[in-house]
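[1] Fold the following for me, if possible:
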Amino acid sequence: MKICLPLRAADVVSASRTGLSRRVRAAASQINLVEVWLDSCDSDDISEVIGKIRGLVGGKKPVIAVCKAPIEKGAFRGREKERIERLIKAAALPNRIQRQALVLANFSPIKGNNRPVSK
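    Prediction:
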């Protein structure tokens, strides 16, 4: 069984103030990977957020970067192009960054049937 630790980027930025750092370090030996939600952070903060995560988990765990629009139950409020650029920026960082399926860039937001609809 694989265990994934999901973290909001905004929480990672303030991790030392909230005690999150201590909790993530304590869980690091029990997790296999980290999922970071880039929905709520500035595009300029992405490398800082990924760097902090790597520091908290010892730099040895893969990181999955996701950025979801509200229709996907996420918090990203920008345009689709900006969302994709944010994911590409995360994917361009060195070492062990996995990417959310960029194939979603070819789809419009999810409609009521919960399936992507082609443009």
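[2] rest of the way, CA atoms for contacts and neighbours
    Will do.
[3] any low-confidence regions in the chain?
    Counting by pLDDT under 70, the chain contains low-confidence residues at 43, 95-119.
[4] can you give me the strands in it?
    Counting by DSSP state E, the chain has strands at residues 4-8, 33-37, 63-66, 97-99, 107-108, 117-118.
[5] Could I get the contacting residues of the nearest residue to Leu38 once chain neighbours are set aside?
    Once flanking residues are discounted, Leu38 sits nearest to Cys67: 4.9 Å by CA to CA, 6 or more residues apart in numbering. Applying CA atoms under 8 Å, 6 or more residues apart in numbering, we find Cys67 in contact with Trp37, Leu38, Asp39, Gly74, Phe76, Arg83, Arg86, Leu87, Gln100.
[6] Just put those residues in TSV and tack on neighbour count.
    Listed next are these as TSV, based on neighbours: other CA atoms under 10 Å:
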residue	neighbour count
Trp37	22
Leu38	27
Asp39	24
Gly74	15
Phe76	20
Arg83	21
Arg86	22
Leu87	22
Gln100	18
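[7] List the ones among the residues you listed that fall in helices.
    If you go by DSSP state H, these have Arg83, Arg86, Leu87 in helices.
[8] buried set for stretch 10-26?
    Residues of stretch 10-26 classed as buried: Ala10, Asp11, Val12, Val13, Ala15, Leu20, Ser21, Val24 (neighbour count, 16 or more other CA atoms under 10 Å).
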